[in-house]
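>>> Here is the input, now give the coordinates:
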Amino acid sequence: METATPIPSSDDTQLAWPQVANPGLSAASRPEPAEPSEGELVLSNLRAQFRRYVVLPSEDALTAVTLWVAATHLQTAWQHAPRLAVVGPAKRCGKSRLLDVVTETVHDPLITVNASAAAVFRSITEAPPTLLVDEADTLFGSAKVAEKNEEMRGLLNAGHQRNRPTLRVSGPNHEVSKFPTFAMAALAGIGDLPDTIMDRSVVIRMRRRRPGEKVAEFRTVRDTPALHAVRDRLLAWLAPLHTTAMDLTPKMPVEDRAADTWEPLIAIADLAGGPWPEAARAACLAMTRHEAEQDQDHSALNIRLLADIRRAFASEGNPVVIRTGRLLGILNEDAESPWPEYSDKGLTPRGLQILLNDYGIRSANRRFPDGFQAKGFTRLQFTDAWARYCPEPAPAAEPMALPEPATSA
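Residues are numbered from 1 along each chain as shown. Next comes the predicted model:
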């Protein structure tokens, strides 16, 4: 991957100004470089705090976490409450440390370790807190455990959108009461969270630090005052913009649920201005594309089959028609796919047909360029299913390296 071109800081811009002398322009009439807005400055400071304590997997992830934290301070302005899913393959990937910094900078943090679903939804009001769940794998890590916490999963799913209250019978008269569920939430754990939660999340896939990657030690008593100062500055910047934020309809680079989830982050970037709108959209495209690829790898076999058939056509030069035998040969030769072990003979013509039945795709006798007839499929048979169930992802934008806040000498 190519390295993103760094955006110069305001100090660098001033030193290089003007780059070329203009004989007809007096010094007094030369335009001055624009001063960064308060939003740009406070987001850059918040971003620097995350970089100090945590090694995030990419510049895009750093941008996303920064904007997600800022968005918690305007929760009541948003239609959707995106989740922040901080996941990693093993211990010591920095998940809990990231959650530590998030806790000290979000709006009204509510840590829910071992809390019941009933306790959580009774803590959510019309001015919602920010829910924080560490070790979420203890809630959803196995089918048996997840079954016991189905109510919590339902709450987290419902709370992604406004006007999805939970109903409970309460009081001596057993009256039905509505409890709001709308609240932004950050969850950290080993392995992926349930699909319905991941689908509503900005996903940060943490990794262990390599030798040489250094971060500052985090000490609560010593380090939280600086984080609280950034939090208070965020609130001071965003509180007067609440009405403006409610009226925003930012142009989104993605659609459907991904757009719902990312819209508050894009809106915060647009409110800040400067390099943030472009960086936010680049992060949105890159990270949603990566998650779409992850979903494809773990989706139902028939959708996986559609994607693999598209690759089979591509490997043959995208012919108009392909023999069933040749298609099966390509699929069964891929040792990393499920097809060689689909049965004791791999994926068979009958097995292929059963998987494709839901899409109305069937093999038929075809005439091939060599003059022979054989069972086969045309590429045109798959184009509608490909577009609906496994569309080609849009090209990823390069991550933007945002400027660090200037430090006083």
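>>> Can you classify the spatially most central residue of the chain by secondary structure?
Using CA atoms, centre = their mean, the residue of the chain that lies closest to the mean C-alpha position is Val202, 2.9 Å off. Using DSSP: H, G, I helix; E, B strand; the rest coil, the structure places Val202 in strand.
>>> which strand residues sit across from it in the sheet?
Leu84 (DSSP bridges).
>>> burial of Pro338, as a residue count?
Residues lying near Pro338 (other CB atoms under 10 Å) number 14. Any C-beta I mention is one placed from the backbone N, CA and C, and that applies to glycine too.
>>> so the residue nearest to the centre of the chain touches Pro264, yeah?
No. Between Val202 and Pro264 no contact is recorded; they are 9.7 Å apart, counting by CB atoms under 8 Å.
>>> Now the common contact residues for these two.
Taking CB atoms under 8 Å, 6 or more residues apart in numbering as the contact rule, Val202 and Pro264 both touch Trp68, Pro82.
>>> number of nearby residues for Asn365?
8.
>>> Equivalent analysis for the one 3 residues further on, please.
Using other CB under 10 Å, the number of residues around Phe368 comes to 15.
>>> do the same with Val169
Counted with other CB under 10 Å, residues neighbouring Val169 total 9.
>>> Give me the phi and psi angles of it.
When quoted as degrees, to the nearest 10, the phi and psi of Val169 stand at phi -90, psi 130.
>>> what's the closest non-adjacent residue to it?
Once flanking residues are discounted, Val169 sits nearest to Val176: 5.9 Å by CB to CB, 6 or more residues apart in numbering.
>>> Repeat that for Leu67.
Nearest non-adjacent residue to Leu67, counting by CB to CB, 6+ apart: Leu265, 3.9 Å away.
>>> Settle this for me: that neighbour is touching Val202, isn't it.
Yes. Using CB under 8 Å, Leu265 is in contact with Val202, at 6.9 Å.
>>> which neighbours do those two share?
Contact criterion CB under 8 Å, 6+ apart; residues shared by Leu265 and Val202: Ala64, Trp68, Pro82.
>>> What about those, which are in helices?
Using DSSP state H, the members of these that fall in helices are Ala64, Trp68.
>>> Including distance to Val215, neighbour count and pLDDT, could the shared contacts of Leu265 and Val202 go into TSV?
Shown next, in TSV, are the shared contacts of Leu265 and Val202 (distance: CB to CB, whole Å; neighbours: other CB atoms under 10 Å; pLDDT from 0 to 100):
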residue	distance to Val215	neighbour count	pLDDT
Ala64	18	25	98
Trp68	20	25	98
Pro82	26	24	97
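>>> Same question for the residue nearest to Val169, what's its three-state structure.
Applying three-state DSSP: Val176 is strand.
>>> about what we covered before: which secondary structure element is home to the residue nearest to Leu67?
Using DSSP states H and E, Leu265 maps to helix 256-272.
>>> which residues are in contact with that helix?
Here helix 256-272 has contacts from 37, 39-40, 43, 64, 67-68, 70-71, 74, 77-83, 160-161, 199-202, 238, 241, 244-245, 248, 250, 252, 254, 276-277, 279-281, 284, 288, using CB under 8 Å, 6+ apart.
>>> make it 6 Å
Helix 256-272 is contacted from outside by 39-40, 43, 67-68, 70-71, 78, 80, 82, 199-200, 241, 245, 248, 250, 252, 276-277, 280, 284, 288, using CB atoms under 6 Å, 6 or more residues apart in numbering.
>>> swap in stretch 359-371?
Residues contacting stretch 359-371 (CB under 6 Å, 6+ apart): Val321, Thr324, Gln373, Lys375, Gly376, Phe377, Gln381, Ala385.
>>> Distance from that stretch to the middle of the chain?
Its chain's C-alpha centre and that of stretch 359-371 lie 41 Å apart, by CA atoms, centre = their mean, to the nearest Å.
>>> Output the below-cut-off pLDDT ranges for the stretch 51-200 of the chain.
For the stretch 51-200 of the chain, the stretches with pLDDT under 70 are 114, 141-144.
>>> What ranges does it have for its helices?
With helices called from DSSP state H, counting those that start in this stretch, the stretch 51-200 of the chain shows them at 59-71, 95-103, 117-121, 137-140, 143-148, 150-158, 195-198.
>>> With distance to Ile303 added, can I get these in JSON lines?
Formatted as JSON lines, the helices of the stretch 51-200 of the chain follow (distance: least, CB to CB, whole Å):
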{"stretch": "helix 59-71", "distance to Ile303": "26"}
{"stretch": "helix 95-103", "distance to Ile303": "29"}
{"stretch": "helix 117-121", "distance to Ile303": "31"}
{"stretch": "helix 137-140", "distance to Ile303": "23"}
{"stretch": "helix 143-148", "distance to Ile303": "22"}
{"stretch": "helix 150-158", "distance to Ile303": "22"}
{"stretch": "helix 195-198", "distance to Ile303": "13"}
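>>> Of those helices, which is nearest Pro129?
Each of the helices of the stretch 51-200 of the chain has some distance to Pro129 by CB to CB; the shortest is helix 117-121, at 9.6 Å.
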